[in-house]
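Trainee: show me the folded form of this:
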Amino acid sequence: MKVAVFSSKQYDRQFLDAANSGRHELRYLACRLTAATAAEAEGCSAACLFANDEADAAAVECLAKIGVRLIALRAAGFDNVDLDAARAQGITVARVPAYSPQAVAEHAFGLLLSLNRKIHLAYDRLRAGNFALDGLIGFDLAGKTIGIIGVGNIGSVAARIGRGFGCRVLGTDPVRRKDCDGVVEYVALGELLERSDIITLHCPLTDETRHLIGQAELARMKPGVLLINTSRGACIDTAALLLCLKTDGLGGVALDVYEHERGLFFEDRRGEAVADAQFAQLLADPRVLITGHMGFLTAEALTNIAQTTIGNIDAFKRSGRALFQVN
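Mentor: Got it, this is the predicted structure:
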């Protein structure tokens, strides 16, 4: 099959080429998919998308008109695809449901450790010649309570890491995993918010989880709580988060994802002014640590993503149905 790979980076080429082994003709495109760029897939029967691409109804319609019959997402989330439009146009949508839960869970704890011990601030100070330690006090993780919102493949790994640090682990999820027995104490969301010293999100973005953490939920959290999000940006209401930071209700926030990241993340924007006022406010706050949606960026995860993506394309070519079909 001829496949248009949108939003492609050097690491996409490296890992997809290795998984593909020449079976499909991969056309790498640097541009992200939008209604304005969808025509770049002309001549291809599949489009391979990432989280930064925007397959809204207009983009999907354009893809269908030029002959695209498969959207192969190289990501677990599919909130950037209009599934109803794809279904109406006869386009199959496939995803990578799991790749390396360790990659994202470990990144969440990397963020937590840096946020708690002010490592990012200490690094900046030292490079400027300031070796003072005032304002850099953190706390021991051992004995603290960590609340995990979404105890799935990634959240369950995060739970075990938390136990390894000596934390009490609370979890909230519609499904209780047997392999988390004795590791996670399952509680309602409200109780988790009230009891946790650290809260980390590992849930997908759905209608139910959009703005799951808003003004009311932030108000229920302990003063000084650390909030970590490596799931989807819109699980947190950014406006409510900024308001809470103004009232000093949070000890710190670490974000690998951002509610309005599409069209902002994944590109070198040095020299550009940040047009997003909310993002600029977050960047300016020393209690906020942000990484650019890189929780997945390990060799193991990229290998798994590429292999599953190519596997979806293989299956669709062979049978007209992808391995991990969404619609």
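
Trainee: how about the nearest residue to residue 220, chain neighbours excluded?
Mentor: residue 193 (4.3 Å; C-beta to C-beta, 6 or more residues apart in numbering). From N, CA and C alone the C-beta is placed, and that goes for glycine too.

Trainee: can you list the buried residues in the one helix or strand the one you found maps to?
Mentor: Secondary structure assignment for residue 193, by DSSP states H and E: helix 189-195. If you call a residue buried by 16 or more other C-beta atoms under 10 Å, then helix 189-195 has these buried ones: 192, 193, 195.

Trainee: can you pull the contacts of the residue lying closest to the last one once chain neighbours are set aside?
Mentor: If you skip the residues right next to it in sequence, residue 195 has residue 145 as its closest partner in space, 5.6 Å away by C-beta to C-beta, 6+ apart. Each residue near residue 145 by C-beta atoms under 8 Å, 6 or more residues apart in numbering is listed here: 167, 168, 169, 170, 195, 196, 197, 198.

Trainee: just send these back as TSV, with secondary structure too.
Mentor: Listed next are the contacts of residue 145 as TSV, based on DSSP: H, G, I helix; E, B strand; the rest coil:
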residue	secondary structure
167	coil
168	strand
169	strand
170	strand
195	helix
196	coil
197	coil
198	strand
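
Trainee: mind putting these into CSV with distance to residue 318?
Mentor: As requested, the contacts of residue 145 are exported to CSV (distance: C-beta to C-beta, whole Å):
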residue, distance to residue 318
167, 46
168, 49
169, 43
170, 45
195, 50
196, 47
197, 51
198, 46
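
Trainee: from the residues you listed, which is closest to residue 119?
Mentor: residue 198 (15.8 Å; C-beta to C-beta).

Trainee: so what's the closest residue to residue 278 other than its chain neighbours up against?
Mentor: Residue nearest to residue 278 in three dimensions, not counting chain neighbours: residue 238, with 5.1 Å by C-beta to C-beta, 6+ apart. Taking C-beta under 8 Å, 6+ apart, we find residue 238 in contact with 258, 259, 260, 278, 282.

Trainee: for residue 292, same thing?
Mentor: 256, 261, 265, 266.

Trainee: nearest to residue 3, of those?
Mentor: So of the contacts of residue 292, ranked by how close each gets to residue 3 (C-beta to C-beta), first place is residue 266, at 19.5 Å.
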